[in-house]
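J.: here is a sequence with its predicted model. Questions after.
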Number of protein chains: 2
Amino acid sequence: MKLTATLSLVTLALLYSSASAEICPGFLHIIENVFMGTLSSYETAVEPFSPDQDMRDAGTQLKKLVDTLPQKARDSVIKFTEKIVKSSLCN
Amino acid sequence: MKLTATLSLVTLALLYSSASAEICPGFLHIIENVFMGTLSSYETAVEPFSPDQDMRDAGTQLKKLVDTLPQKARDSVIKFTEKIVKSSLCN
């Protein structure tokens, strides 16, 4: 529940900050699920983009690897993503 | 040299395919360097977005972790990124 609330806030923050940014919201949603979500929520996030089996397998490997990163590092990657999305270079 | 050529081709493919896509080229350049570049080329790619020290440290941890993924998985992640960039959901 706490994770869901956090993810929703991150989604809102990213979507809001990317309102005028040139980064597709569906792509940001995948990135936030790689770093903050569960394997299941990540798999749901990629579904609209119809990955083939190799892409699915690679995504699962990546997600499991990222889950071994310390929480602090994952938070910092998301903060950096937010900074990029808001930067003048992406707007 | 081979790596540089491959990276240039991937960059061109991503930039070309994202000409009308809502994904910032500088952000794509970072992603392709996480999966295909060296630690040094990755560090160069993030520089325009002025990461703070925590973001730098987290990025280095992430890059070193991704370097342990099999080449096939890294190729599939980039192919999936290209597919997302070209998808109607991001255009």
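T.: Everything's here; your move. Numbers count the residues shown, from 1 in each chain, chains lettered A, B, ... in the order given.

J.: show me where chain A has helices.
T.: With DSSP state H as the criterion, chain A has helices at A:2-17, A:25-36, A:39-46, A:53-66, A:71-86.

J.: so which elements touch the shortest one?
T.: Going back to what we said before, that points to helix A:39-46. helix A:25-36, helix A:53-66 (3 or more CB pairs under 8 Å, 6 or more residues apart in numbering or on different chains; DSSP states H and E). Backbone N, C-alpha and C define where each C-beta goes, glycine included.

J.: do you know which of those lies nearest chain B?
T.: Proximity to chain B (CB to the nearest CB) singles out helix A:53-66 among the helices and strands packed on helix A:39-46, at 3.5 Å.

J.: just the angle between that closest one and helix A:39-46, please?
T.: 140 degrees (axes from the mean of the first three to the mean of the last three CA atoms, to 10 degrees).

J.: can I get helix A:53-66 in PDB, CA atoms only?
T.: Extracted in PDB, the C-alpha atoms of helix A:53-66 (Å, rounded to 0.1, in the frame of the first residue of the first chain):
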ATOM      1  CA  GLN A  53      10.000 -12.800 -25.800                       C
ATOM      2  CA  ASP A  54      13.700 -11.700 -25.900                       C
ATOM      3  CA  MET A  55      12.700  -8.200 -24.800                       C
ATOM      4  CA  ARG A  56      10.500  -9.600 -22.000                       C
ATOM      5  CA  ASP A  57      13.400 -11.900 -20.800                       C
ATOM      6  CA  ALA A  58      15.900  -9.000 -20.900                       C
ATOM      7  CA  GLY A  59      13.500  -6.700 -19.000                       C
ATOM      8  CA  THR A  60      13.100  -9.400 -16.300                       C
ATOM      9  CA  GLN A  61      16.800  -9.800 -16.000                       C
ATOM     10  CA  LEU A  62      17.300  -6.100 -15.800                       C
ATOM     11  CA  LYS A  63      14.500  -5.600 -13.200                       C
ATOM     12  CA  LYS A  64      15.900  -8.400 -11.000                       C
ATOM     13  CA  LEU A  65      19.400  -6.800 -11.200                       C
ATOM     14  CA  VAL A  66      18.100  -3.300 -10.400                       C
END
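
J.: flag every buried residue along it.
T.: The neighbour-count check on helix A:53-66 (16 or more other CB atoms under 10 Å in any protein chain shown) flags A:Met55, A:Ala58, A:Gly59, A:Gln61, A:Leu62, A:Lys63, A:Leu65, A:Val66 as buried.

J.: now stretch A:84-91
T.: For stretch A:84-91, by 16+ other CB under 10 Å, it's A:Ile84, A:Val85, A:Lys86, A:Ser87, A:Cys90.
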